[in-house]
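Enquirer: with the sequence up front, the predicted model follows.
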Amino acid sequence: MYKAVVIGGSAGSFQVITKILNSLPENFSLPVLLSLHRLKHVRSGFVEALSIKSQIPIVEPYDKEIIKPGKGYLAPSNYHMYVELNKRIALSTEEPVNHSRPSIDLTFETAAQAYRDKIIGIILSGANKDGAYGLKKLKQLGGTAIVQDPNECQVKTMTEASLKLTPADYTFTTEQIINFLLKIK
Amino acid sequence: MVLSDQEVNYFINTVKSISAYDFSEYSEKSLKRRLQKILIDNNLDLIGLINKLKTNPNFLEKIVRDITVNTTELFRDPAIWQTLRYRVLPQFAQNRNINIWHAGCSTGQEVYSMLILLNELGLLDKAKIFASDLNTEALETAKKGTYKYRFNIGYLDNFDKVIKENPLNYDEYNDVAYEKYFKIDKISDTIIINDFLRKKPIFRQHDLVKGGNLYFAKFDLILCRNVIIYFKYSLQNKVFKLFHDHLYTNGSLVLGMHETMLGEITSRFEKKGQVYRKR
């Protein structure tokens, strides 16, 4: 029944995200949209680092790229990544939102508009509030909202801000997030 | 301020009916976001905005400017500039003239990056530089060639990567002073491009949606980076066709880092990275 997963993370999320990606089987049935903040001067090498042990291919997509199941789409450095209603990626160099480009809020909101109740949104560790508004929109549109357990987060600002703005469907540890995703048919 | 798709269409149709601007083939998500931002910045609702557009032509021009995205930087994405330096520009070294069009030049940093590179390669005198944008205010900034220092300081690193270093030979280091090309004034917080570069480009307003060739020229090189991401697929293909028509055979089109050509038009180009060479 689900059609997509969207994940947002910032400071302290790198190990969590690699754990999740490395656990997904090669034939995972959903696309995984990744909106992750990175250090300003670390512009390349991120997609390679995420790909090392991942069984699903991870790409920094091209504008207008068709979103396919079983593939990871990492928002390119310095671009916002949107999902258009026709399930294609759209990129933008508009000004940063809350000092962030990519903006997790924008990826979440547009992905939710495209996939409605068929999407899972996951907010991970991070040091700012980006993603909180996006997760709220996702939940309003019928999506399933998951927040990493703040007690497990290296930096809990982002997860706490998300939980404050909207009650999540699940507050999960990394292990529980992985188990949830693996059970999806 | 959240707009529905119908409201965005209402805006598009109104602008189309009262002006020469047509946003109907712009990417939906970013256009909607721009419009929402415009309403907030101007403290108007959609009806208020439309009424003002209908009665005030200057306001309409301002809104058109605000819809365009003007992110640019000196030597943005150094890898592309290294490709231009070592692979693309040397192909034109024997030409009598080199015609270059920056389509969507915004505030001009890309144009001046090109001029600096051409000068380093000894090709500046042969080059004719044309630069266009929809946004007249951005073009004025481009003509002035004066930028805020503190917004651009980070990009001196890009300059070093492209002009001073050689990725193919780590022993090579060209100690080119910044002052050769621009004056940095920390007190007034400005970077001012030197005159010999500033007088070179021909800046013109041009709307890629309308097509046409405002320079009545053909080009060896067209740069159009991070512009077509704001266009729908249909308009992207019209723009690619326009570029194809106005490139010399073996001339090249350079797109932004995450832009690509899709569909039938690809058969008319040979693609290598972000460089599309006309067959």
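Expert: Nice, I can see it.

Enquirer: helices of the stretch 51-200 of chain B, start to end?
Expert: B:57-67, B:78-83, B:109-120, B:136-144, B:149-152, B:156-159, B:195-198 (DSSP state H, counting those that start in this stretch).

Enquirer: pass me the low-pLDDT residue ranges in the chain, would you?
Expert: Since no chain was named, I'll use chain A. A:39-44 (pLDDT under 70).

Enquirer: ah, no, chain B please
Expert: Using pLDDT under 70, chain B drops low at B:1.

Enquirer: and the residue lying closest to residue B:238 once chain neighbours are set aside, how many neighbours?
Expert: Once flanking residues are discounted, residue B:238 sits nearest to residue B:211: 6.6 Å by CB to CB, 6 or more residues apart in numbering or on different chains. Using the backbone N, CA and C atoms, a C-beta is placed for each residue, glycine as well. By the criterion of other CB atoms under 10 Å in any protein chain shown, residue B:211 has 12 neighbours.

Enquirer: now do residue B:17
Expert: Neighbours around residue B:17, by other CB under 10 Å: 8.

Enquirer: ok, residue B:23 next?
Expert: With other CB under 10 Å as criterion, residue B:23 counts 22.

Enquirer: try residue B:278
Expert: For residue B:278, the neighbour count with other CB under 10 Å is 20.

Enquirer: quick revisit: hmm, the residue nearest to residue B:238 is touching residue B:243, no?
Expert: No - using CB atoms under 8 Å, residue B:211 is not in contact with residue B:243, being 10.3 Å away.

Enquirer: related to what we said a few turns ago, and the residue nearest to residue B:238, what helix or strand is that in?
Expert: Assigned by DSSP states H and E, residue B:211 belongs to no helix or strand.

Enquirer: mind listing what it touches?
Expert: Applying CB atoms under 8 Å, 6 or more residues apart in numbering or on different chains to residue B:211 gives the contacts B:238, B:239, B:242.

Enquirer: number of residues surrounding the first one?
Expert: Residue B:238: 16 surrounding residues under other CB under 10 Å.

Enquirer: equivalent analysis for the last one, please.
Expert: By other CB under 10 Å, the residues close to residue B:242 number 18.

Enquirer: quick one: contacts for it?
Expert: B:208, B:211, B:212, B:213.

Enquirer: what do you get if the cut-off is 7 Å, keeping everything else the same?
Expert: Taking CB atoms under 7 Å, 6 or more residues apart in numbering or on different chains, we find residue B:242 in contact with residue B:211.

Enquirer: for it, give its distance to residue B:253.
Expert: Separation of residue B:242 from residue B:253 (CB to CB, to the nearest Å): 10 Å.

Enquirer: overlap in contacts of the two?
Expert: Common neighbours of residue B:242 and residue B:253 (criterion: CB under 7 Å, 6+ apart): none identified.

Enquirer: neighbours of the nearest residue to residue A:55 once chain neighbours are set aside, how many?
Expert: Spatial nearest neighbour of residue A:55, excluding adjacent residues (CB to CB, 6+ apart): residue A:26 at 4.3 Å. Residue A:26: 9 surrounding residues under other CB under 10 Å.

Enquirer: helix, strand or coil for residue A:26?
Expert: Secondary structure, DSSP: H, G, I helix; E, B strand; the rest coil: residue A:26 is coil.

Enquirer: phi, psi of it?
Expert: Dihedral pair for residue A:26: phi -50, psi -40, per degrees, to the nearest 10.

Enquirer: now swap in residue B:221 and tell me
Expert: Main-chain dihedrals, residue B:221, degrees, to the nearest 10: phi -150, psi 130.

Enquirer: how about the contacts made by residue B:235?
Expert: Residues near residue B:235 by CB under 7 Å, 6+ apart: B:25, B:209.

Enquirer: secondary structure element for it?
Expert: In the assignment (DSSP H and E), residue B:235 maps to helix B:233-245.

Enquirer: show the subsequent helix or strand relative to that helix.
Expert: Following helix B:233-245 in sequence, per DSSP H and E, is strand B:247-255.

Enquirer: packing partners of that next one?
Expert: Counting contacts by 3 or more CB pairs under 7 Å, 6 or more residues apart in numbering or on different chains; DSSP states H and E, strand B:247-255 is packed against strand B:219-224, strand B:275-278.

Enquirer: those residues of chain B touching chain A, which are they?
Expert: B:27-30, B:33, B:69, B:71, B:226, B:229, B:233, B:258-260, B:262 (CB under 7 Å from any CB of the partner chain).

Enquirer: make it 8 Å
Expert: B:27-30, B:33-34, B:69, B:71, B:154, B:226, B:228-230, B:233, B:236, B:257-260, B:262 (CB under 8 Å from any CB of the partner chain).

Enquirer: how much space between the residue nearest to residue B:238 and residue B:103?
Expert: Distance, residue B:211 to residue B:103, using CB to CB: 11 Å.

Enquirer: what's in contact with the longest helix along chain A?
Expert: Across chain A, the helix with the greatest residue count (assigned by DSSP state H) is helix A:104-115. The contact list for helix A:104-115, computed with CB under 8 Å, 6+ apart, reads A:3-4, A:6, A:8-10, A:33, A:35, A:37, A:75, A:80-85, A:87, A:90, A:97-98, A:119, A:121, A:123, A:130-135, A:137-138, A:140-141, A:143, B:29, B:33.

Enquirer: try 6 Å
Expert: Residues from elsewhere that reach helix A:104-115 (CB atoms under 6 Å, 6 or more residues apart in numbering or on different chains): A:3-4, A:6, A:8, A:33, A:35, A:80-83, A:85, A:87, A:119, A:121, A:130-131, A:133-135, A:137-138, A:141, A:143, B:29.

Enquirer: tell me which residues touch residue 32, please.
Expert: Reading this off chain A. Neighbours of residue A:32 in contact, by CB under 6 Å, 6+ apart: A:5, A:72.

Enquirer: that's the wrong chain, I wanted chain B
Expert: Here residue B:32 is in contact with B:3, B:8 (CB under 6 Å, 6+ apart).

Enquirer: can you tell me the SS state at it?
Expert: Assigned by three-state DSSP, the conformation of residue B:32 is helix.

Enquirer: got CSV for the helices of the stretch 51-200 of chain B, with mean neighbour count too?
Expert: Converted to CSV, the helices of the stretch 51-200 of chain B look like this (neighbours: other CB atoms under 10 Å in any protein chain shown):
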stretch, mean neighbour count
helix B:57-67, 16
helix B:78-83, 20
helix B:109-120, 23
helix B:136-144, 17
helix B:149-152, 15
helix B:156-159, 17
helix B:195-198, 15
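
Enquirer: can those go into a markdown table with extra columns for distance to residue A:51?
Expert: Shown next, in a markdown table, are the helices of the stretch 51-200 of chain B (distance: least, CB to CB, whole Å):
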| stretch | distance to residue A:51 |
| --- | --- |
| helix B:57-67 | 37 |
| helix B:78-83 | 19 |
| helix B:109-120 | 31 |
| helix B:136-144 | 38 |
| helix B:149-152 | 33 |
| helix B:156-159 | 26 |
| helix B:195-198 | 41 |
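
Enquirer: kindly report the residues of chain A close to chain B.
Expert: By CB under 6 Å from any CB of the partner chain, the residues of chain A that approach chain B are A:62, A:63, A:64, A:76, A:82, A:90, A:91, A:92, A:93, A:94, A:110.
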